[in-house]
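In: Show me the folded form of this:
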Amino acid sequence: MQSRGQCVVFEAVGKAALRPFEIPSPKAGEVLIESAYTVISAGTERANLMAMPNTGTTPYGDGDKKSGNFPYYPGYSGSGRVVALGDGVDQLKIGDRVVVNWAGHRSHIIKKAAELIRIDDDAIDFLDAAFAPIASFSFLGVRKLRIEIGESVLIAGQGLLGAFALQVAALSGAIPLLVSDFNPARRALAIRLGATAALVPDASFVEQVLAATGGQGVNAIVEVTGIAKALQQALECVARDGRISLLGCTRISDVPIDFYRYVHRRGISLIGAHTDTRPAKESAPGRWTEADDYRTFLKLVAAGKMQVRPIISEVVSPEKAGEVYAQLANDPQAPLGIVFDWRHITEK
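Out: You can find the predicted model right below:
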């Protein structure tokens, strides 16, 4: 087995590179995984790359934006194959395919065997499975709304999380199911994925939402943009006693919100949907564990009820990491789903 691997690292604000590292051996209870694919979570990773407030490179706004908390190792969603076992591992074997979470963009990963979800269904490709951790966030954002069949729902933002949230809301029985995004390609994709209507969040947006819901507003909203102005729009078009799950990370609160007028008087529920709000071990209604949502995602993919391939913009070699992140740094509207293919890197 090779002794050196490769990983993506943010070295400074706006600068990313592929760097070598020594591959460790798994300890007791651990396994070594050879990566197949890892998925770029564009919004989160760009925020860290640019040292935005409330990120890992500027911890909760306390870091130095010029120097930041670098080096930083991005990436949390992928798939791979077990290639070595530590002592005492009996729930996995060499060759098993697994979902890889919270491990970075790297060719080789050490994980505790007990925490891994095995990909048992041969009908599920490594490429689809790599999206399980990212998709699980969308499951969380939708589950927290407790959608009932026939309720109207809006997904604000059609990035990766929004595209998956749209599909989860459709499976939950939302009708009409609206989405919003400035990007016409993303709006067109949303219609393909099951949206009733795809709207531009411009000056007439609230009126369009009200018209689509008989003047009542939507019962529930998944806010995925992380933009304070978009949250203000959501508050203006949600129905009385409606619910809004805050799935996108609103890192900069640059728009004042009249909470008395839009929240307090109208009985609106604002629901934090960060992944840290999940239960650690046992799922409950509206609050499932990461592992259970991974399993659900995999079952839906295998059954053809969850689409991944239309969301993928490009699959690239990790050797192009510098170029990919330079594009991401300069363009917040970078391609939707960018995936690193590690299979040839790990074969070197």
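In: which stretch of helix or strand covers the residue sitting nearest the centre point of the chain?
Out: Geometric centre of the chain, nearest residue: residue 134, 3.3 Å, by Cα atoms, centre = their mean. Per DSSP states H and E: residue 134 is located in helix 132-143.
In: From the contact counts, what lies against that helix?
Out: For helix 132-143, the packing partners by 3 or more Cβ pairs under 8 Å, 6 or more residues apart in numbering; DSSP states H and E come out as strand 77-85, strand 97-101, helix 160-171, strand 218-223, helix 290-302. The way it works is simple: take the backbone N, C-alpha and C, and place the C-beta from them, glycine included.
In: 6 Å instead?
Out: Helices and strands touching helix 132-143, by 3 or more Cβ pairs under 6 Å, 6 or more residues apart in numbering; DSSP states H and E, are helix 160-171, helix 290-302.
In: Give me the distance from the shortest one to the chain's centre.
Out: In terms of Cα atoms, centre = their mean, to the nearest Å, the centre of helix 160-171 is set 11 Å apart from its chain centre.
In: One more: stretch 299-310?
Out: 16 Å.
In: What of stretch 112-128?
Out: Relative to the centre of its chain, stretch 112-128 is centred 18 Å away, using Cα atoms, centre = their mean.
In: Mind listing what's buried along that stretch?
Out: Residues 113, 116, 117, 118, 119, 124, 125, 126, 127, 128 are the ones in stretch 112-128 that count as buried (16 or more other Cβ atoms under 10 Å).
In: Stretch 334-343 too?
Out: Neighbour-count burial for stretch 334-343 [16+ other Cβ under 10 Å]: 334, 336, 337, 338, 339, 340, 341, 342.
In: For residue 253, grab phi and psi.
Out: phi -90, psi 80 (degrees, to the nearest 10).
In: Can you verify my assumption that it contacts residue 229?
Out: No. Residue 253 is beyond contact range of residue 229, at 10.6 Å (criterion: Cβ atoms under 6 Å).
In: Need the residues that contact the helix holding residue 134.
Out: 39, 41, 76-77, 99, 101, 160-161, 164-165, 168-169, 222, 245, 247, 273, 275, 286, 290, 293-294, 297 (Cβ atoms under 6 Å, 6 or more residues apart in numbering).
In: Who are the contact partners of residue 225?
Out: 156, 157, 248.
In: Show me what the following helix or strand past the helix holding residue 134 is packed up against.
Out: Moving toward the C-terminus from helix 132-143, the next helix or strand (DSSP H and E) is strand 153-156. When contacts are defined as 3+ Cβ pairs under 6 Å, 6+ apart, strand 153-156 packs onto helix 160-171, strand 177-180, strand 218-223.
In: who does the first one touch, helix- and strand-wise?
Out: What it means is helix 160-171. Contact partners of helix 160-171 among helices and strands, from 3+ Cβ pairs under 6 Å, 6+ apart: helix 132-143, strand 153-156, strand 177-180.
In: let's see 8 Å
Out: For helix 160-171, the elements it packs on are helix 42-49, helix 132-143, strand 153-156, strand 177-180, helix 184-192, strand 218-223, judged by 3+ Cβ pairs under 8 Å, 6+ apart.
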